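Undergrad: prediction below, plus the sequence it came from.
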Amino acid sequence: MKRVFVTGASGFVGANLVRRLLRDGHTVHLLLRAPHSNWRLEEISVQCDVTPGDVCDRVAVLRSIAAARPDWVFHLSAYGAYPSQTGLEQMLATNVMGCANVLDACIETGVEAFVQTGSSSEYGYQAQASREDARLEPNSHYAITKAAATHYCQFTARKRHFHAVTARLYSIYGPYEEPTRLVPTLLVHCLRGELPPLVSPDTARDFVYVDDAVEALIQLASQKHLAPGAVYNVCSGRQATIAEVVAAARELLHVTVQPAWGAMPPRAWDTGVWVGDATAIRRDTGWAAQTTLVDGLARTIVWLRENPGWLEFYE
């Protein structure tokens, strides 16, 4: 079993990762800033060693990681991924300097593996499936800061011959997802026999069920042969349009209401092509997304029904 240190554990992917680590029997340490949203961790935080702190505080990060003496560090803390999170200064502080603080502390402490989550938005708009060696053309302040963090990890890992890798996440969905995102909004409406306002049906994303994404993160930490600074797409390699997602949800929940396409105005990041190439991570780790979109939506519906107390966050 490993001693594991996680930043960003109160977020969607982080909370799912912590649950998996605990189920696997690892000792889990969390760095949680104050204040933070606690609803995802409320019933499991007592099983973890929690240290209050902010990744922007270099001294506190070094002290926390040195005290925890982790084998693995997962850095998921980020700011700016949601429309409500604005402000370039905070994005720079959290996404760039925060990443540097955690990675540098890992090297100084001598941890076994460091995995940070990047973003598919680092690629910007592409006409085909994006490969890790594609030219980065970030299309937002958030994407720029995530690309900068990736470059810092690549440079530092290669210079120090250190096991630090970046997992570029595509459209992760499932239990505990941010309530304002497409999948939870769609499913909560469908559970009531309704549909939410929708953008163009041709808008596309590469959807990955959260359990598959968590497995990818664990594989990237546990396999020691990976090149220092390596970057891997965590994607299914197949995009789905919003029309396909809505059709699957309507069928699963027997919704007869017809979609009102275009009732929601297009967002700056909407595009008809958004898909990753999963060749590298499959070749180097054997990982591939296992959950189909229909199965992932069905599992998320089961979770929503089994946890009615959490529905208040999705209303």
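TA: Thanks, I have the structure now.

Undergrad: use CA for all of it now, contacts and neighbours both
TA: Will do.

Undergrad: quick check: buried residues in the helix of greatest length in the chain?
TA: Once the chain is assigned using DSSP state H, the helix that runs over the most residues is helix 141-160. Going by neighbour count (16 or more other Cα atoms under 10 Å), the buried part of helix 141-160 is 141-154, 156-158.

Undergrad: again, but for stretch 44-62
TA: 45, 48, 50-51, 53-56, 58, 60-62.

Undergrad: got it, and stretch 123-142?
TA: 123-126, 129-132, 136, 138, 140-142.

Undergrad: from Leu252, how far out is Ile242?
TA: Distance, Ile242 to Leu252, by Cα to Cα, to the nearest Å: 15 Å.

Undergrad: now do Asp71
TA: 42 Å.

Undergrad: the two: which has the busier surroundings?
TA: The neighbour comparison of Asp71 against Leu252 (other Cα atoms under 10 Å) goes to Asp71, with 20 against 17.

Undergrad: circling back: packing partners of the very next helix or strand once past the longest helix of the chain?
TA: Counting by DSSP states H and E, the element after helix 141-160 in chain order, helix or strand, is strand 164-169. Where contact means 3 or more Cα pairs under 8 Å, 6 or more residues apart in numbering; DSSP states H and E, strand 164-169 is packed against strand 113-119, helix 141-160, helix 210-222, strand 231-234.

Undergrad: can we see that at 7 Å?
TA: Strand 164-169 is packed against strand 113-119, helix 141-160, strand 231-234, with contacts defined by 3 or more Cα pairs under 7 Å, 6 or more residues apart in numbering; DSSP states H and E.

Undergrad: contacts for the helix or strand following that strand?
TA: Proceeding C-terminally, strand 164-169 gives way to strand 171-173 as the next helix or strand, assigned by DSSP H and E. Strand 171-173 has contacts (Cα atoms under 7 Å, 6 or more residues apart in numbering) with 183, 205-210.

Undergrad: chain center to strand 171-173, what's the gap?
TA: Relative to the centre of its chain, strand 171-173 is centred 7 Å away, using Cα atoms, centre = their mean, to the nearest Å.

Undergrad: what does stretch 269-276 rub up against?
TA: 126-131, 202-206, 233, 235, 237-239.

Undergrad: and it, end to end?
TA: Span of stretch 269-276 from end to end, Cα to Cα: 16 Å.

Undergrad: so how far is that stretch off the chain centroid?
TA: Worked out by Cα atoms, centre = their mean, stretch 269-276 lies 17 Å from the chain centre.

Undergrad: now stretch 148-167
TA: 18 Å.

Undergrad: and the contacts of that stretch?
TA: Contacts of stretch 148-167 (Cα under 7 Å, 6+ apart): 95-96, 99, 112-118, 228-234.

Undergrad: repeat for stretch 254-267
TA: With Cα under 7 Å, 6+ apart, stretch 254-267 has contacts from 190, 193-195, 197-201.

Undergrad: show me where this protein has its strands.
TA: Under the criterion DSSP state E, the chain contains strands at 3-7, 27-32, 49-52, 72-75, 113-119, 164-169, 171-173, 204-205, 207-209, 231-234, 240-241.

Undergrad: okay if I get the ones you listed as CSV plus mean pLDDT and distance to Leu88?
TA: Output for the strands of the chain, formatted as CSV (pLDDT from 0 to 100; distance: least, Cα to Cα, whole Å):
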stretch, mean pLDDT, distance to Leu88
strand 3-7, 98, 20
strand 27-32, 97, 21
strand 49-52, 95, 24
strand 72-75, 98, 20
strand 113-119, 98, 17
strand 164-169, 98, 21
strand 171-173, 98, 23
strand 204-205, 96, 25
strand 207-209, 98, 27
strand 231-234, 98, 24
strand 240-241, 97, 30
